[in-house]
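Asker: Below is the sequence, then the predicted model.
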Amino acid sequence: MAQYSPDELVFLDEVHKNDKTPQRFNGRAKKGTRAVMRGLFVRGQRLSAVGALSTEGMIASTVVFGSMTRVKYLNFLEHSVLPLCSAYPGKHSVLVMDNARIHHGEEILELTRRYGESFN
């Protein structure tokens, strides 16, 4: 990472949230009896968000219903992130992603190569 200037770097990451009721997995009960938990269970709607962070702050973000799939992630990259980037070694030319499964695959490498990005 030290070979890149801060203005070249764009960090991408995802997060998800749902309203699933928090619950305990351990409890207390008298010896010889089973611990019982009673309560209202709520599954809720799952939301996923992804954002792109640079030295200028958040430069792109989106929220989708359900899980962030590779297709949704590719769409975000192609239509929201890559238009804001330039070819290496220009501003926003190095995309930094974690090791999430949706970041793997030839489609992402090909998309970033079309835009002239460095993939790390």
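Answerer: Everything's here; your move.
Asker: State the distance from the spatially most central residue of the chain to V71.
Answerer: Among the residues of the chain, E14 comes closest to the average C-alpha position under C-alpha atoms, centre = their mean, at 1.5 Å. Using C-beta to C-beta, to the nearest Å, one obtains 14 Å as the distance from E14 to V71. From N, CA and C alone the C-beta is placed, and that goes for glycine too.
Asker: before we move on, the earlier item: could you check which helix or strand contains the residue nearest to the centre of the chain?
Answerer: Element membership for E14 (DSSP states H and E) is strand 9-17.
Asker: and that strand, how far from the chain's centre?
Answerer: In terms of C-alpha atoms, centre = their mean, to the nearest Å, the centre of strand 9-17 is set 4 Å apart from its chain centre.
Asker: Buried residues of it, list them for me.
Answerer: Neighbour counts over strand 9-17 (16 or more other C-beta atoms under 10 Å) mark 9-10, 12, 14 as buried.
Asker: Identify the farthest-apart pair in the residues you listed.
Answerer: Distance extremes for the buried residues of strand 9-17: the farthest pair is L9 and E14 at 17.7 Å, using C-beta to C-beta.
Asker: where's L12 relative to T33, distance?
Answerer: L12 sits 50 Å away from T33, taking C-beta to C-beta as the criterion.
Asker: Oops, could you answer that again for T112 instead?
Answerer: Counting by C-beta to C-beta, the gap from T112 to T33 is 59 Å.
Asker: More neighbours: which of these two?
Answerer: Counting neighbours by other C-beta atoms under 10 Å for T112 and for T33 shows that T112 has the greater number, 20 against 7.
Asker: And what about that one, helix, strand or coil?
Answerer: Here T112 is helix, with the state taken from DSSP: H, G, I helix; E, B strand; the rest coil.
Asker: That one contacts L95, doesn't it?
Answerer: Yes - in this structure T112 lies within contact range of L95 using C-beta atoms under 8 Å: 6.3 Å.
Asker: Pretty sure E78 sits in a helix.
Answerer: Yes - counting by three-state DSSP, one finds E78 located in a helix.
Asker: thinking it is in contact with T112, fair?
Answerer: No - in this structure E78 lies outside contact range of T112 using C-beta under 8 Å: 9.8 Å.
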